[in-house]
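S.K.: Sequence plus predicted model, see below.
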Amino acid sequence: MAGLVMDAVLMLLLVAALGYGVRLEKRLRALREGQLAFAGAVTELNQAASRAEAALSALRGSGQETDLLHDRIVKAREVKQQLETLIARAPAAPIAARAPVEIEPAVDPAPRPMPAPRPRETGGEPVLSGSRDRDRSLFADRAPERARLLNEEQVERFTPVLQALAANQAAKQSLNRARRSLDEDLFAA
């Protein structure tokens, strides 16, 4: 009888050990899954950090470009002010009294016979060729009149103004591109 009781106690201990082993296996499985999820989170965090670092370097570059553009705009405004003061100081009446400078027209004013327009195929609709030549010949006779309106001093006086306006426009466009790039970088991060 004592052997039977010992066998029963041994069976109960084995069943308890099996239950404890199953419970331990479940905990180990959950721990492994958590470890894999943690490793995935670490890799995602690493990727996000590298993206943020790239965005910061792009932001630094945009900041430097913005500073450069700001300096250019400030210089362009100074040049604009100087040009405005020069224009304001220049006498208005004596300019008309000076002899105008004749500018040679690019196209000779002698009328040329126009070639007959030839239809040309572009995608499906015929286009008349020779329209550019016709436009040139229409305005060629007016070129000497326009050239007489400008004298040498006027051309010299307005050239820096036009250059400053072109530089100002280019700086504005570049600044707008830098701002758009900066906005895209900030919203991407």
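M.R.: Happy to help now that I have it. Numbering: from 1, shown residues only.

S.K.: Who are the packing partners of whichever helix or strand Leu28 is part of?
M.R.: If you go by DSSP states H and E, Leu28 is part of helix 2-89. Packed against helix 2-89 by the contact rule (3 or more Cβ pairs under 8 Å, 6 or more residues apart in numbering; DSSP states H and E) you find helix 152-188. Every residue, glycine included, has its C-beta placed from N, CA and C.

S.K.: With Leu36 as the reference, measure out to Asn30.
M.R.: To be clear, residue 30 is Ala; Asn isn't right here. In this structure, Ala30 and Leu36 are 11 Å apart, going by Cβ to Cβ, to the nearest Å.

S.K.: same check, this time on Lys80
M.R.: 64 Å.

S.K.: ok, and what's touching stretch 70-83?
M.R.: Contact with stretch 70-83 is made by 160-161, 164, 167-168, 171-172, 175, as judged by Cβ atoms under 8 Å, 6 or more residues apart in numbering.

S.K.: what angle separates the helix holding Leu28 from helix 152-188?
M.R.: 170 degrees (axes from the mean of the first three to the mean of the last three Cα atoms, to 10 degrees).

S.K.: What's the local residue count around Val42?
M.R.: When neighbours are counted by other Cβ atoms under 10 Å, Val42 registers 10.

S.K.: same check, this time on Ser181
M.R.: 16.

S.K.: if I pick it, what's in contact with it?
M.R.: By Cβ under 8 Å, 6+ apart, the neighbours of Ser181 are 58, 62.

S.K.: Please tell me how far Arg77 sits from Ala88.
M.R.: For Arg77 relative to Ala88 (Cβ to Cβ), the value is 16 Å.

S.K.: Could you check which of these two is surrounded by more residues?
M.R.: Arg77 (13 against 7).

S.K.: how close does the more buried one sit to Phe158?
M.R.: Applying Cβ to Cβ to Arg77 and Phe158 gives a distance of 18 Å.

S.K.: Might one say that Ala171 is in contact with Leu69?
M.R.: Yes - under the criterion of Cβ atoms under 8 Å, Ala171 makes contact with Leu69 at 5.5 Å.

S.K.: For Thr66, which non-adjacent residue is spatially closest?
M.R.: Spatial nearest neighbour of Thr66, excluding adjacent residues (Cβ to Cβ, 6 or more residues apart in numbering): Ala178 at 5.3 Å.

S.K.: can you tell me which residues contact that neighbour?
M.R.: By Cβ under 8 Å, 6+ apart, the contact list for Ala178 reads 62, 65-66, 69.

S.K.: same thing but at 6 Å, please
M.R.: Counting by Cβ atoms under 6 Å, 6 or more residues apart in numbering, Ala178 makes contact with 62, 65-66.

S.K.: Met1: which of those is nearest?
M.R.: Using Cβ to Cβ, Ser62 comes nearest to Met1 of these, at 90.8 Å.
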